[in-house]
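Visitor: prediction below, plus the sequence it came from.
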Amino acid sequence: MVSRGIQAGRSEASHVSHDNRENTIQTTKMDGWYGVEDAVERRRIQNRMAQRERRKRLVQSRVRIESAINDASQSTTCRSQNAPVTPVFLPLTESSQQSTATSLTLATGALSGRGTQDIAVSQHARRENLTTESEPITVWSALFHNGAMMGLSCSTNTPRKSLPQGPDIPATLHPTALQLTTFHPSWIDRFPFANMRDNFISMAGIIDEEDFLCDLFSMDSFRIKPGKPGWDPNAWIIGPDFGKKWGYLFY
């Protein structure tokens, strides 16, 4: 009985293998459009081959994106184990505006008074050439250069998911897991504040985007410390009025 069962199993496996080979041969024959004189049939075969190749590329692309999301999630988890990095809003008095020593410092747990912590960006020091010591860049120049580094176009603002960034891009501009998985206005990616980007995306539909952009353009919203690159959060000075209205986005 056992011997018969084994033989039956082998016979069935042999039939399956034979069927698979026949299916493969049949598929190959069906996909062979060379020599097919009927234009309609030839086009049908070419379309079938193109669809199969497109599905293959989609699967490969999905695998790469899922891998990038997992990497970003792990990075986000590591960052979340530390206290959140939030900006301190400094008053822009006349003397502070004229002083190059005035800068936006980053506080760890500013609401609870835990002290300050600088973001590590020394590995990207070569990007200092975006600015000069004698010519401070504007917030608009900072946002433009940040976007240019990531391949973002100012003339295109279609809602999209962020793309993973390589090691040549400063860590402060790397997209979060939320940016990688959620459609959002691409201009958000230009700001070097991860909390601000995530909060803006999470509160989509609640925040008036036009109101934010109006204040960004018309108020004394941000200034960049002279000689510093726009991707360095330490270089950003936030205007007091803008900070009072939109400061919650940074926590």
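Guide: Yep, that arrived.
Visitor: only C-alpha atoms for contact and neighbour calcs from this point on.
Guide: OK.
Visitor: how is this structure divided into domains?
Guide: Listed by automatic domain parsing, the domain ranges of the chain are 2-71, 84-250.
Visitor: show me the shaky parts of this structure.
Guide: Residue ranges of the chain with pLDDT under 70: 1-36, 54, 57-136.
Visitor: quick one, helices of it?
Guide: According to DSSP state H, the chain carries its helices in the segments 2-31, 39-80, 94-98, 139-149, 177-181, 194-202, 209-218, 240-246.
Visitor: how much space between residue 207 and residue 248?
Guide: 12 Å (CA to CA, to the nearest Å).
Visitor: next one: residue 221
Guide: Residue 221 is 14 Å from residue 248, by CA to CA.
Visitor: so where do the strands sit in the stretch 101-250 of the chain?
Guide: Shown for the stretch 101-250 of the chain, the strands assigned by DSSP state E, counting those that start in this stretch span residues 106-108, 222-224, 236-238.
Visitor: neighbouring strands for the second one, and are they parallel or not?
Guide: Each strand that strand 222-224 pairs with, and the sense of that pairing, follows from DSSP bridges: strand 236-238 (antiparallel).
Visitor: any buried residues in the partner strand, and which?
Guide: Within strand 236-238, the residues scored as buried using 16 or more other CA atoms under 10 Å are 236, 237, 238.
Visitor: could you dump these to a markdown table with distance to residue 215?
Guide: Rendered in a markdown table, the data for the buried residues of strand 236-238 read as follows (distance: CA to CA, whole Å):
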| residue | distance to residue 215 |
| --- | --- |
| 236 | 16 |
| 237 | 15 |
| 238 | 12 |
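Visitor: what is the burial count for the closest residue to residue 225 other than its chain neighbours?
Guide: Excluding the flanking residues, the one nearest residue 225 by CA to CA, 6 or more residues apart in numbering is residue 235, at 4.7 Å. Residues within reach of residue 235, counting by other CA atoms under 10 Å, total 21.
Visitor: quick check, residue 235 in contact with residue 193.
Guide: No - taking CA atoms under 8 Å as the definition, residue 235 is not a contact partner of residue 193, at 11.9 Å.
Visitor: residue 56: how many residues sit nearby?
Guide: Counted with other CA under 10 Å, residue 56 comes out at 12.
Visitor: measure it to residue 42 for me?
Guide: Distance from residue 56 to residue 42, by CA to CA: 21 Å.
Visitor: got it, and residue 180?
Guide: 40 Å.
Visitor: quick one: which of those two has more around it?
Guide: Using other CA under 10 Å, the more surrounded residue of residue 180 and residue 42 is residue 180, with 21 against 17.
Visitor: state the distance from the more buried one to residue 196.
Guide: 15 Å.
Visitor: how about residue 246?
Guide: Taking CA to CA, one finds residue 246 at 10 Å from residue 196.
Visitor: between the two, tell me which one has more neighbours.
Guide: Taking other CA under 10 Å, residue 246 and residue 196 do not tie; residue 196 has more neighbours (20 against 15).
Visitor: for the more buried one, list the residues it contacts.
Guide: Applying CA atoms under 8 Å, 6 or more residues apart in numbering, we find residue 196 in contact with 249, 250, 251.
Visitor: among those, name the buried ones.
Guide: Applying 16+ other CA under 10 Å to these, the neighbour count classes 249, 250, 251 as buried.
Visitor: having no further points to raise, I will conclude here.
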